[in-house]
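Engineer: One predicted model, sequence on top.
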Amino acid sequence: MRLWALLAVVLALLGHGVATASPEPPPEPQGVLVIGAKSFTESRLLGEIMAQLVEAHTALRVERRPNLGGTTVVFSALRSGEIDLYPEYTGTGWTIQLRHEERVDSPLRAFLAVQHAFEERWDLVWLDPFGFSNGYTLAMSQERAEALGITRISQLREHSGELRLGFSHEFLEREDGYPGLRRAYDLEGLDPRGMEHGLAYQALAQGEVDVIDTYTTDGKLERYHLRLLEDDAHFFPPYDAAPLVRGETLRAHPELLPLLRRLGFSLPDARMRALNYEVEENKRSFADVAREFLLEEGLLDPSSPTTTAPGRDQGLLALLWSRRIETLRLVGEHLALTGAAVSLAIIVAVPLGLVLTRRERWAGPVIGATAVIQTIPSLALLAFMIPVPGLGLGTTSAVVALFLYALLPIVRNTYAGVRGVDPELVEAARGMGLTDAQVLRLVELPLAVRTIMAGVRTSTVISIGVATLAAFIGAGGLGDPIITGLQLDDTGLILSGALPAALLAVLTDALLGGLERLLVPRGLAPRRSAGPP
Amino acid sequence: MIGAAPSPPSHDVTATAPTPMIELRGVRKEFPGPTGTPVVAVDGVSLRVAAGELLCLIGTSGCGKTTTMKMINRLVEPSDGEIRVDGRDIRERDPTVLRRGIGYVIQKGGLFPHLSVAGNVGLLCRLEGWERARIEARVAELLQLVNLAQELATRYPRELSGGQRQRVGVARALALDPPLVLMDEPFGALDPITRRQLHAELRQLQDRVGKTIVLVTHDLGEAFALGDRVALMDRGRIVQLGTEADFRERPATPFVEEFVREHVRGSGA
């Protein structure tokens, strides 16, 4: 019975998915410190510096959660206790978390304001600042800025017709980013387009855009010859970085407070920019650069064990080969994520599609609802999952989000496939004396299986693609090297995630194509040999 | 029974004849119309079909003949009136059980494309829980009955000719040996030669198995060739019910006369 074969495969997949997708249980909750970071170089570097410091001086086991997407993702994770601390910026706390619309000009005032408010509202503690301010700023290439004679942001308005602006998505959204900047400088005529920050420098270098947003400590500033535009209206608020820690964590591990304070004011702007440069331009690992910094500061014993990362300056094939074990592990994670999500989607969406063929009135609204889910940007959907109790950061949230994405094609194709069965055949079956359940099982499902499988294949390929974004919420998978590669402008690293992901999509689709041929009844399959036997 | 003058009054039949296999009394069917006012598809039909009789329901499209037939196996529920099969009111019977006792053949055979010939023919036996060997034997017997080679058992419907499919459809309807068979335009999609051949086969089959058959057609020649009696329907009513001779010699209304003349001209006779 082919139907049972399908069910068996689904259950096997599900079993596998659940078994491998469930997060590993933390060995002892007391002894673990989870350090998060936003997915850009500086945040990860600060996270790594704190991680090594804690590892060297306490008995705590440190779990690193770099690549946690943007502010929304990492802050949700901190509030829900998924992570214990991460480096945050005062300007972000002021405008994003506290939702202040008025500007704050003094760095100290900003720091004290967020410190008091966070402690009162959320029991979150701002520790001593690292000592640099990484505010937003706008940058142009030297040549272009010189040609147009632009040195200050206020001059942009005069050139509104000839300037192309490429801003990161977060900058375009944030009140202390472009929306506020536009009002402060009256930049109505300019029409910025959104782009991934990791790609902005290249776009600038190739002359595709003229102005980008950047950070004052961005290591790339040292490589590309850029002119930072003066914020002559003093719009950008101060962005002093400091560790942001859960109050609970500090009470549970009192040794952390004096330890992390030792990092206070150890990193002025130029020092931070130089460290960023080491990672981004000299292609050194986060671990190496963090260790070197801690050694220079005398915060680390030179004899302490070191984790050596593989050299990053090598050809693509060599890189892919050197990462083969890691890649296999990531492929496993990726398959577990998508396998679990698509299996769950099949279990929910196929019966749902069948119910809809019996309740036509619900078909429009239900299929519409799954279509609405499909329109939510993948990253946003992933972020929505984090505050949901029981989901949080990591695999579970990713599986739920991927599951929601996978619903539409399967529901729609199940519904369309069963509705597309010749009504005369259904009536013939009923007229012969088949019960409704028999009509469904023996006539409608076998005749619709090809369409249903097409939906499953679509869902699977979509899921494999979207799952690369799951790395943003710490679920791992092939997105990890892609995201890191984007931050580091490391094409090889990007490809080491993107190539296997693409290959995986193609292979999985082919595999499901084979499964489809097994499931589609022989009478429906196109004939392979000509003429009757 | 409008204009059914040649048939004897119904109370006579009830008094003397054995229980008919099928009996319809004042059956009416309304469908909700597009404008809100109901459309009457079948308007007070009464008729009896004796056991072993082959009755043809004939009429132009939309006359209500198919609806009338589908009410016998409860594919369509009557709005009013009473239907008895083998003396029992069908409303009191479970539709599935009722239908398994009534063979059903539709145009082009209505075969399931994903099942082989044997799968189609033996489907109901399988659902009745028969043993494999018994099903195989029954399928072989039925294929022989409808003059199909045994090798065809493993073929799929799309590998068959139209006439072969129709024979498989008939064999499938006879699988559980029902006393009654309903046929909805069974030969409509076939070429004239195949159709004539199948007419002859159906008559031979009927001689051998002696089923009660209700056959819907729009071809008067087919109705005369096959039917013991013919019921001509128009706008939901039976206009005349009788034999070929009744229709030719004693048409009940000018409509019947016209219908017969059209047919004779149309068939070139």
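Structural biologist: That came in fine, so what should we check first? Numbering: from 1, shown residues only, chains lettered A, B, ... in the order given.

Engineer: just checking, residue A:417 touches residue A:451?
Structural biologist: Yes - the pair residue A:417 / residue A:451 is scored as a contact, 3.1 Å apart, by Cβ atoms under 8 Å. Every residue, glycine included, has its C-beta placed from N, CA and C.

Engineer: With neighbour numbers in mind, choose between these two.
Structural biologist: Shown here are residue A:417 and residue A:451; by other Cβ atoms under 10 Å in any protein chain shown, residue A:417 has more neighbours (24 against 19).

Engineer: Contact partners for the more buried one?
Structural biologist: A:353, A:447-452, A:455 (Cβ atoms under 8 Å, 6 or more residues apart in numbering or on different chains).

Engineer: Now residue 89. Nearest residue, chain neighbours left out?
Structural biologist: In the absence of a named chain, this looks at chain A. residue A:239 (4.3 Å; Cβ to Cβ, 6 or more residues apart in numbering or on different chains).

Engineer: switch to chain B, that's the one I care about
Structural biologist: Among residues not flanking residue B:89 along the chain, residue B:82 sits closest, at 6.3 Å (Cβ to Cβ, 6+ apart).

Engineer: ranges for the helices of the stretch 301-450 of chain A?
Structural biologist: A:316-322, A:324-358, A:360-375, A:378-385, A:395-419, A:423-432, A:436-438, A:445-466 (DSSP state H, counting those that start in this stretch).

Engineer: how about low-confidence regions in the stretch 1-150 of chain A?
Structural biologist: A:1-30 (pLDDT under 70).

Engineer: Identify each of the helices in it and give its residue range.
Structural biologist: Using DSSP H, counting those that start in this stretch, helices in the stretch 1-150 of chain A cover A:2-21, A:41-57, A:71-79, A:90-92, A:107-122, A:142-148.

Engineer: Residue B:228 is in contact with residue B:242, correct?
Structural biologist: No - assessed by Cβ under 8 Å, residue B:242 is found out of contact with residue B:228, at 10.4 Å.

Engineer: These two: who's more crowded?
Structural biologist: Each of residue B:242 and residue B:228 has its neighbours counted (other Cβ under 10 Å); residue B:242 has more, 22 against 15.

Engineer: Would you list the phi and psi of that one?
Structural biologist: Backbone torsions of residue B:242, given as degrees, to the nearest 10, read phi -180, psi -170.

Engineer: Before we move on, what's the pLDDT of the closest residue to residue B:22 other than its chain neighbours?
Structural biologist: In space, and not counting its chain neighbours, residue B:22 is closest to residue B:49: 4.2 Å by Cβ to Cβ, 6+ apart. In this prediction, residue B:49 carries a pLDDT score of 93.

Engineer: do you know how far residue B:49 is from chain A?
Structural biologist: 18 Å (Cβ to the nearest Cβ, to the nearest Å).

Engineer: For that residue, grab the count of nearby residues.
Structural biologist: Every residue meeting other Cβ under 10 Å relative to residue B:49 is counted, giving 22.

Engineer: OK, contacts around it?
Structural biologist: Residue B:49 is in contact with B:20-23, B:55, B:212, B:214, counting by Cβ under 8 Å, 6+ apart.

Engineer: Out of those, the closest to chain A would be?
Structural biologist: residue B:214 (12.7 Å; Cβ to the nearest Cβ).

Engineer: For residue 142, which non-adjacent residue is spatially closest?
Structural biologist: Just going to use chain A. Here the residue nearest residue A:142, using Cβ to Cβ, 6+ apart, is residue A:225, at 4.5 Å.

Engineer: Chain B is the one I meant
Structural biologist: Spatial nearest neighbour of residue B:142, chain neighbours left out: residue B:171 (4.0 Å); criterion: Cβ to Cβ, 6+ apart.

Engineer: quick revisit: what would the helices of the stretch 301-450 of chain A look like in JSON lines with mean pLDDT?
Structural biologist: Output for the helices of the stretch 301-450 of chain A, formatted as JSON lines (pLDDT from 0 to 100):
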{"stretch": "helix A:316-322", "mean pLDDT": "79"}
{"stretch": "helix A:324-358", "mean pLDDT": "92"}
{"stretch": "helix A:360-375", "mean pLDDT": "87"}
{"stretch": "helix A:378-385", "mean pLDDT": "81"}
{"stretch": "helix A:395-419", "mean pLDDT": "91"}
{"stretch": "helix A:423-432", "mean pLDDT": "92"}
{"stretch": "helix A:436-438", "mean pLDDT": "92"}
{"stretch": "helix A:445-466", "mean pLDDT": "92"}
